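In: Coordinates for the following, if possible.
(one chain, ligands or ions: 4)
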Amino acid sequence: ISLLADLKLALDTGFLQLYYQPKIHLASGRVVGAEALLRWRHQQNYVAPDLFISVAESSGLIVEIGSWVLQQACLQSKRWRALIDPDFKMAINVSMGQLQQGSFANEVAHLLVDLAIAPSALEVEITETMAMLDADSILPDLRKLQQMGVSIAIDDFGTGFSSLGHLQNMPLNTLKIDRAFVQELASPEMASNGKKAIADTIMQLGSNLRLSLVAEGVEQQTQADYLKQAGCDFAQGYLYSPALPAAAFEQWAVQWQ
Ligand code: G
Ligand code: G
Ligand code: MN
Ligand code: NA
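Out: Ligands and ions are numbered 1, 2, ... in the order given. This is a model prediction of the structure:
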C-alpha cells in the first residue's frame, strides 16, 4: 500500500489529529491563541509532517485534509473562547493547493456562519514563498478573508524572498519571525550576530507596517525577555509548550493562567 493510500485511509478513519501549540501574549503572559499542527499516527508511530504533507500536496489530497483541519480548528477555537480566553485565536497552516482552488474564502465564510464562529477566532498562515511566488492567484481570496475579519499571517518570515513593495500591497495582519532568527537571540555573542540583526529588522518592519509580530521557536527565557523589550507581541515555542492534543492543551492552559 502506498503512503498516499494510507494517508487517505487515515483521513477517513480518524487517524489524522490536530495538535495545538500555545501562543503567549508577551506583555501579559496570557495564552491568547494556538497554532494547529497536523499529526499522523500510523502503525504505532508518528509520520513526520513534512513528509506526509508533501505527499498530500503533490496528490491534491491536501484540499480535503485542509477542509477537515479548518473545521476542527474552528470548532476548537470556539470552545477555547468560552473556556480559556474570549479573544482566543486559532492559526491554521494553508497550502498553495488549497488557495489555488479559488473557493477557500467562500468555504471559510460558510463554515464560520454554519458553526456560529467569529471570524476573529481564525488566523490563516501562508508561507513567505507562497505569497511571493504566486501572489496573483491567491490575493483575491486573501483579501476576502481579511475583509470578513480573518487574520492573515506570513509564516517563516525572513527565510523567503520578500519584495518589500509587494509585502505592502498584501492583505496582512501578522509576521511570524522564523525560528532561525529567534534561536540565537540568547547566545552570548548575540551583539555581533547577524541573525539578531535580522530579527531586529523584522520587528522594526512589522512595527512600521502596523503588523502584529509572533516569534516562533522560543526555547529560552532570555529569548522571550529580549523579544518582549524589542516590541514583539506574541511568542510560541518549547519554552511554553510543544504542540499538544486538545485535552492536554486544555490542562496546560488551565495551570498556565
Ligand atoms: O510540528 P511541525 O513538525 O509539525 O510542522 C511541520 C510543518 O508542517 C510546518 O511547516 C507546518 O507549517 C506544516 N503543517 C503542519 N500542519 C499543517 C496543516 O494542517 N496544513 C498544512 N498545509 N501544513 C501543515
Ligand atoms: O508552520 P511552521 O513551519 O512554523 O511549523 C512549526 C514547526 O516548528 C513545527 O514543526 C513545530 O513542531 C516546530 N517547533 C515549535 N516550537 C519549536 C521550538 O521551540 N523549537 C524548535 N526547534 N521547533 C519548534
Ligand atoms: Mn506555521
Ligand atoms: Na514556521
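In: Please count neighbours and contacts with C-alpha atoms only from this point.
Out: Will do.
In: Please enumerate the strands of the chain.
Out: Using DSSP state E, the strands found in the chain span residues 16-25, 30-42, 45-47, 89-93, 122-127, 151-157, 174-177, 212-215, 234-235.
In: Columns mean neighbour count on top of these, output as TSV?
Out: TSV is the format used below for the strands of the chain (neighbours: other Cα atoms under 10 Å):
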stretch	mean neighbour count
strand 16-25	22
strand 30-42	21
strand 45-47	11
strand 89-93	25
strand 122-127	22
strand 151-157	24
strand 174-177	25
strand 212-215	25
strand 234-235	26
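In: can you list the ones you listed in a markdown table and add distance to ligand 2 and mean pLDDT?
Out: Formatted as a markdown table, these follow (distance: least, Cα to the nearest ligand atom, whole Å; pLDDT from 0 to 100):
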| stretch | distance to ligand 2 | mean pLDDT |
| --- | --- | --- |
| strand 16-25 | 7 | 98 |
| strand 30-42 | 7 | 96 |
| strand 45-47 | 12 | 92 |
| strand 89-93 | 6 | 98 |
| strand 122-127 | 8 | 96 |
| strand 151-157 | 6 | 95 |
| strand 174-177 | 8 | 96 |
| strand 212-215 | 10 | 98 |
| strand 234-235 | 10 | 98 |
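In: The residue of the stretch 101-250 of the chain at minimum distance from ligand 1 and ligand 4, how far apart?
Out: Nearest residue of the stretch 101-250 of the chain to ligand 1, counting by Cα to the nearest ligand atom: residue 243, 7.0 Å away. Distance of residue 243 to ligand 4, given as Cα to the ion, to the nearest Å: 13 Å.
In: Find the nearest non-adjacent residue to that residue, please.
Out: Nearest-residue entry for residue 243: residue 21, 3.8 Å, with adjacent residues in sequence omitted and distances by Cα to Cα, 6 or more residues apart in numbering.
In: The one you found against residue 246, yeah?
Out: No - between residue 21 and residue 246 there is no contact under Cα atoms under 8 Å: 9.7 Å.
In: ok, now which ones touch residue 186?
Out: 220, 222, 223, 226 (Cα atoms under 8 Å, 6 or more residues apart in numbering).
In: Residue 230 now?
Out: 200, 203.
In: next one: residue 241
Out: Counting by Cα under 8 Å, 6+ apart, residue 241 has contacts 21, 22.
In: Which residues of the stretch 101-250 of the chain lie near ligand 4?
Out: Contact residues, the stretch 101-250 of the chain versus ligand 4 (Cα under 5 Å from the ion): 155, 156.
In: Low-confidence ranges, the stretch 101-250 of the chain, go.
Out: 188-192 (pLDDT under 70).
In: what do you get if the cut-off is 90, keeping everything else the same?
Out: Applying pLDDT under 90 to the stretch 101-250 of the chain flags residues 128-137, 158-169, 184-196.
In: my guess is the residue of the stretch 101-250 of the chain closest to ligand 1 meets residue 38, correct?
Out: No - shown here, residue 243 and residue 38 do not form a contact pair, counting by Cα under 8 Å, at 9.6 Å.
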